[in-house]
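> How does the following fold in three dimensions:
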Amino acid sequence: MDHELKLKEKRLHLGDLLEVIGAPRRPPLQRVPGDGGHPGAAATACCPELAGVASAPAAALPLRTQPIGQARWWGLELEAAVRTWFGNDLHPNVGYGGKSYDALHATYEGSYFGFVTTMDVYGFQINNGQRIVSSIWIVNRGGNDGDEKNEIMIGWQVFPQMYGDSNTHFFTHWTRDSTRTTGCYDMKCPGFELTPGSPLAPGDVIRPVSDVNGARQKITIKVFRDKPTGNWWKHYGFNRASAAMGYYPASLFTTLTEKATNILFGGSALAVDGVPSPAMGSGSLPSIMSDRAASMEGISLIDEDGRVAPFDAETIKTETMSFCYAMTPIFGANSSRCVCGGHGGCVG
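Residues are numbered from 1 along each chain as shown. Okay, here's the model as predicted:
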């Protein structure tokens, strides 16, 4: 019976966060009328498949792509759930406080062994106290307290405080305890094993970058667990198919040696308190007026045996401040593309 009582619901599998006692059953991610959300940003000229998304009724949208601003679970905002789920360390501490504005997708808890996508690469002149990130997060949450979270990050970032310049850098990061005592960016501590002949090393500058009014430059990133060894391999390609660049040994991790429980992907813009947030992606919001926003395409999973598979995971889409930054639903053939970005200028 659709509304019969159940004593326990863990439909989202967010640890004990969303455990419901004695709650009536209802479909997850149901839209609440009048619940807000930014109007129309998802329907883009670059993406005809999204036409009409803004005006479509909730039931017409795939559950895994419903906007976070219009989705609730027993009255609890899912964006807050994501924040509680992954803590405040989507971006490990690098020595300054501030606010992170995110536009990303996060998978529901499950068993994941790899991910691949091709993302646009952009560059901006920004200042110390600002940071731009386009990234993939491979996560095993470990225990319910979150203190033993194993995580790999990989993508591109502009981060003057770390690199001493405003260039766009390829980056990686790892930890096995939520960055309490372990982990580092790039190769600033033992961890990442660079393959001889790698097309680049973590921390290297990516050149050239995309011109918002001209040519798009793209990087393909493939990260996956090697079944025989438990090592996590990374492949990289610049405007071409990816090639092996190195791996994180299984010995670095605890739970991530077996699998990831979640994958996140999208963009972030960070700024210290009182400083306007920088642009994200190309600096343009997804818009019906242009195709200028940055994209992630060819989104696919990698199965336990190393085979590329269609992306069929459900996700929570979160936008910290949608009038500054936005993320579209996942769309296209085999649900393999999303578009995100924003102009910035938010002040926390």
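> Contacts only, for the residue lying closest to residue 342 once chain neighbours are set aside.
Distance criterion C-beta to C-beta, 6 or more residues apart in numbering; nearest residue to residue 342, sequence neighbours excluded, is residue 325 at 3.3 Å. From N, CA and C alone the C-beta is placed, and that goes for glycine too. Contacts for residue 325 (C-beta atoms under 8 Å, 6 or more residues apart in numbering) come out as 101-103, 267, 269, 280, 285, 319, 340-342, 344.
> and the residue nearest to residue 264 when sequence neighbours are not counted, what are its bridge partners?
Spatial nearest neighbour of residue 264, excluding adjacent residues (C-beta to C-beta, 6+ apart): residue 137 at 3.9 Å. Beta-bridge pairing for residue 137 (DSSP bridges): residue 153, residue 264.
> How many residues are close by the residue nearest to residue 248 when sequence neighbours are not counted?
The shortest distance from residue 248 to any non-neighbouring residue, by C-beta to C-beta, 6+ apart, is to residue 232 (4.5 Å). For residue 232, the neighbour count with other C-beta atoms under 10 Å is 27.
> for residue 232, what are its contacts?
Residue 232 touches 138, 152, 223-226, 247-248, 250, 253, 256, counting by C-beta under 8 Å, 6+ apart.
> Select from those the one having the most neighbours.
Taking other C-beta under 10 Å as the neighbour criterion, residue 138 ranks highest of the contacts of residue 232 with 28 neighbours.
> quick one: the closest residue to that residue other than its chain neighbours and residue 177, what's the gap?
Excluding the flanking residues, the one nearest residue 138 by C-beta to C-beta, 6+ apart is residue 152, at 4.3 Å. Using C-beta to C-beta, to the nearest Å, residue 152 is found at 14 Å from residue 177.
> what does residue 239 give?
Residue 239 is 37 Å from residue 177, where distance means C-beta to C-beta.
> Let's verify the residue nearest to residue 298 when sequence neighbours are not counted: helix, strand, or coil?
Counting by C-beta to C-beta, 6+ apart, the nearest residue to residue 298 once its immediate chain neighbours are dropped is residue 118, at 4.6 Å. The three-state assignment at residue 118 reads strand, by DSSP: H, G, I helix; E, B strand; the rest coil.
> For residue 118, list each beta-bridge partner.
The partner residues for residue 118, given DSSP bridges, come to residue 220, residue 297.
> so it makes contact with residue 216?
No: counting by C-beta atoms under 8 Å, residue 118 stays clear of residue 216, with 10.2 Å between them.
> Next one, pLDDT for residue 206 please.
Listed pLDDT for residue 206 reads 98.
> unless I'm mixing things up, it is touching residue 168, no?
Yes: the pair residue 206 / residue 168 is scored as a contact, 4.9 Å apart, by C-beta under 8 Å.
> Show me whatever sits in contact with both of those two.
Common neighbours of residue 206 and residue 168, using C-beta under 8 Å, 6+ apart, are 121, 156.
> if you count what's nearby, which of those two comes out ahead?
residue 168 (25 against 20).
> what's around the residue nearest to the more buried one when sequence neighbours are not counted, how many residues?
Excluding the flanking residues, the one nearest residue 168 by C-beta to C-beta, 6+ apart is residue 123, at 4.3 Å. Residue 123: 20 surrounding residues under other C-beta under 10 Å.
> I'd like to know how far residue 123 sits from residue 211.
Noted for residue 123: a distance of 10 Å to residue 211, by C-beta to C-beta.
> same check, this time on residue 255
From residue 255 to residue 211 the distance is 42 Å (C-beta to C-beta).
> Show me what counts as buried in stretch 215-224.
Under the neighbour-count criterion of 16 or more other C-beta atoms under 10 Å, stretch 215-224 has 216-224 buried.
> helices and strands around the helix or strand encompassing residue 134, which ones?
Per DSSP states H and E: residue 134 is located in strand 130-140. Counting contacts by 3 or more C-beta pairs under 8 Å, 6 or more residues apart in numbering; DSSP states H and E, strand 130-140 packs against strand 114-120, strand 150-158, strand 218-225, strand 262-271.
> Just want the angle from that strand to strand 150-158.
Orientation of strand 130-140 against strand 150-158 (axes from the mean of the first three to the mean of the last three C-alpha atoms, to 10 degrees) gives an angle of 160 degrees.
> what about the residue nearest to residue 298, how many residues close to it?
Residue 118 is flanked by 20 other residues according to other C-beta under 10 Å.
> so who does residue 123 touch?
By C-beta under 8 Å, 6+ apart, the residues touching residue 123 are 158, 166-168, 209-210.
> One more pass at 7 Å, please.
Listed by C-beta atoms under 7 Å, 6 or more residues apart in numbering, the contact set of residue 123 reads 158, 167-168, 209.
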